Structure formats: C-alpha cells, structure tokens
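Enquirer: Starting from these lines, generate the structure:
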Amino acid sequence: MSKILIWWKNYAYIVMMAIMLIGLVYPKVMLIFIICMLAPSLTGLFTGRFWCGNICPIGNFFDHMTFKISNNKKAPDMFKSKYIRIIFTILMMSMFSFEMLLAFRYPVMIGMVFYEMILEAIIIGTFLSVIYHYRAWCHFCPMGSTGALVTYLSNRKKVLKVSTQCSLCKKCEEKCPMGIAPYEYRGKKLSSYNCIQCGICKIDCTNNAIGYDVIIQNEVGSLEEHENELK
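Expert: Numbering: from 1, shown residues only. All right, here's what the predicted structure looks like:
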C-alpha cells in the first residue's frame, strides 16, 4: 500500500472536518465533495468498492470516530436489501436534485447543498453506529449503492480473492465491517457488491488466504467439500 494511501486512511476524516469548517465561511469550497459523488461509480469499474473502504472521507470518519462508540452489532438484513437501497437512493437523489435546481446559478448555495448532504450522512451514520455497526450507513449510502451497482455489472474489476488455503476458521466474518463471510468465496473472487475492499479480512487471515495476488486458478475443491473434510 502506498504511503499516500496509508496517510489518507489515517487522516482523511480530519481533512474532511477541516474542509467543512472552512465551508461554513466559504461554502464554495464544499464543491470539492462532488468527487465523493462521482468516484464510487467511476472506480467501481476497476476496483470494486475500494473507494468506500479506503478513500471515502465519510467512511473514514466512521472508522476513526464512531468506531469508538459503536455497538458493533451486525446491521439488520433489511439494510442490505436491494429494494431498500433503490428506494433510499431515489429518495435522497431526488431531494438533492430538487435542492440543486433551487440553488442553480448560485455557487454559494450549491456549496451549502453539498454541506447539508455530507452532514446528513455523518449524522445518520453516527446514529446507526451507536445502535448497530460503525459501517452500517455504508450498506445503503446512495453513492455506495451506485458504486455497488457498477461493481456488480463490471467484469474488469480487481478485487480481493480467497484461495483454497482458507481453513474456514471464520475469523474473517467476525472482523468484516460489512457483515460478509469471505470464507464463503473460497477458491473465488470476493465478488460481493457489499464488500468495500477495506482489507481487514486480508490483514486478519492467519493463513494468508485472502489478497489481491493469491492464486485461485486451477485450484479444486468447493466450500462444501472442505467442510466435509473438517468433520
């Protein structure tokens, strides 16, 4: 991992909070957050939801701040429903589009619309962190949902893989902030559109069975077969 990315993962939330403080005086600076709207979809073509797990400053805020007060309880399946994602995304984007039309031709007002959008995400995400998991918001974040759709449709994405060296210890599921069970993808790519490519499962895997460069080609055996071997 590059030094720049490591630095960003450590301090992105501070940068975001600094920009928001400046935005109270100079709202135009908030226009920089248009990157956060477009990037999940653009990067989803090539890296899955890597943006969500490693670059998104709002997600980074949850990782560093709400993590400390989180209940760390798995988010309910309802949050992961594609219908909930669609409804919530349509609702939020409709409100955003309406406000943008009202703010049209006034950069200061447009900046305030972005400020409001970021603040709403932080407030809702923090509330859900206390009740459920610190990354609960990421299940139905409108930008993350569009990125998930692109990820699902793209065949060019480079994502984490789970080799057949996986011992099915299931520690990866315990650590996953999105409630995914990476071991279920044993011998395949970790292709779940819920995966934010944060790499926590990779770091905690005692068998080094999860990574971008692990070999899964020409490996035989299925999850069911390996479970039978362990019995």
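Enquirer: And the longest helix seen in the chain, what's buried?
Expert: Counting by DSSP state H, the longest helix found in the chain is helix 107-131. Within helix 107-131, the residues scored as buried using 16 or more other CB atoms under 10 Å are 110-115, 117-118, 121-122, 125-126, 128-129. Heads up, the C-betas are built off the backbone N, CA and C, glycines and all.
Enquirer: Same check on stretch 156-175?
Expert: Going by 16+ other CB under 10 Å, stretch 156-175 has these buried residues: 157, 159-166, 168, 171-172.
Enquirer: Let's see the distance spanning it from one end to the other.
Expert: End-to-end distance of stretch 156-175 (CA to CA, to the nearest Å): 27 Å.
Enquirer: That stretch: how far from the chain's middle?
Expert: 17 Å (CA atoms, centre = their mean, to the nearest Å).
Enquirer: got the contact list for residue 21?
Expert: Shown in contact with residue 21 (CB atoms under 8 Å, 6 or more residues apart in numbering): no residues.
Enquirer: list the contacts for residue 84?
Expert: 78, 140.
Enquirer: gap between it and residue 142?
Expert: 12 Å (CB to CB, to the nearest Å).
Enquirer: cool, and residue 44?
Expert: Counting by CB to CB - residue 44 and residue 142 are separated by 14 Å.
Enquirer: Who has more neighbours out of those two?
Expert: Between residue 44 and residue 142, residue 44 has the larger neighbour count (other CB atoms under 10 Å), namely 25 against 19.
Enquirer: how about low-confidence regions in this structure?
Expert: For the chain, residues meeting the criterion pLDDT under 70 lie at 1, 216-231.
Enquirer: Now do the helices in it.
Expert: 3-25, 34-47, 50-54, 57-64, 77-80, 82-103, 107-131, 142-153, 171-175, 200-204, 223-230.
Enquirer: most packed of these?
Expert: helix 50-54 (a mean of 24; mean count of other CB atoms under 10 Å).
Enquirer: Can you name every helix or strand that it contacts?
Expert: helix 3-25, helix 34-47, helix 142-153 (3 or more CB pairs under 8 Å, 6 or more residues apart in numbering; DSSP states H and E).
Enquirer: And the contacts of it?
Expert: 5, 8-9, 39-40, 43-44, 59, 138, 141, 144, 147, 195-199.
Enquirer: Repeat that for stretch 68-82.
Expert: Contacts for stretch 68-82 (CB under 8 Å, 6+ apart): 84, 128-136, 139-140, 179, 194.
Enquirer: Likewise for stretch 191-205?
Expert: 47-50, 52-54, 59, 80, 135, 138-139, 144, 148-149, 151-152, 159-160, 166, 171-172, 175-180, 182, 185, 190, 210-211.
Enquirer: redo that, cut-off 7 Å
Expert: Applying CB atoms under 7 Å, 6 or more residues apart in numbering, the external contacts of stretch 191-205 come out as 47-50, 52-54, 80, 138, 148, 151-152, 159-160, 171-172, 175-178, 180, 182, 185, 210-211.
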